[in-house]
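Trainee: next comes the sequence, and after it the predicted model I'd like to discuss.
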Amino acid sequence: MMQLVLAVTAVVLSLAAAGAIIRIARGPSLLDRVLAADVLLAILGAALCIDMAVNRHLNNLMLLVAVSIIGFIGSVTVARFVADRREHSRES
């Protein structure tokens, strides 16, 4: 039963990662690409969590924290950049 659940989650995460990679490649705007990269990091985090749950270890915990922090800081940085850019375009 556990092998079936693991196979299903691997397929779902793989399809989601493929969709995010396609959006990164095609994305019409910078925000679409950044959002897709953030989704890809979340998928990586989910895969790490599944690995830790299946194998009953915490070896990837620091990597999971680092990936989460990188995703958060990257999203906040781009959001501030876009907000500043829109603010400057309104002033002109």
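Mentor: Structure received.

Trainee: packing partners of the helix or strand hosting S14?
Mentor: Using DSSP states H and E, the secondary-structure element containing S14 is helix 2-26. Applying 3 or more CB pairs under 8 Å, 6 or more residues apart in numbering; DSSP states H and E, we find helix 2-26 packed against helix 30-55. Bear in mind the C-beta positions are built from the backbone N, C-alpha and C, glycine included.

Trainee: what's the angle from the following helix or strand past the helix it packs on to helix 30-55?
Mentor: Following helix 30-55 in sequence order, the next helix or strand is helix 61-91 (DSSP H and E). Calculated by axes from the mean of the first three to the mean of the last three CA atoms, to 10 degrees, helix 61-91 forms an angle of 170 degrees with helix 30-55.

Trainee: give the buried residues for helix 61-91.
Mentor: L64, V67, G71, V78 (16 or more other CB atoms under 10 Å).

Trainee: which one of these is nearest to A53?
Mentor: Nearest to A53 among these: L64, at 11.7 Å, using CB to CB.

Trainee: setting aside sequence neighbours, what's the nearest residue to the closest one?
Mentor: Using CB to CB, 6 or more residues apart in numbering and skipping residues adjacent in sequence, the residue nearest L64 is L48, 4.8 Å away.

Trainee: tell me if I'm right that D51 and L58 touch.
Mentor: No. Judged on CB atoms under 8 Å, D51 makes no contact with L58 at a distance of 10.7 Å.

Trainee: higher neighbour count, these two?
Mentor: Between D51 and L58, D51 has the larger neighbour count (other CB atoms under 10 Å), namely 14 against 9.

Trainee: phi, psi of N60?
Mentor: The phi/psi pair for N60 (degrees, to the nearest 10) reads phi -100, psi 10.

Trainee: tell me the contacts of it?
Mentor: By CB atoms under 8 Å, 6 or more residues apart in numbering, the contact set of N60 is L48, D51, M52.
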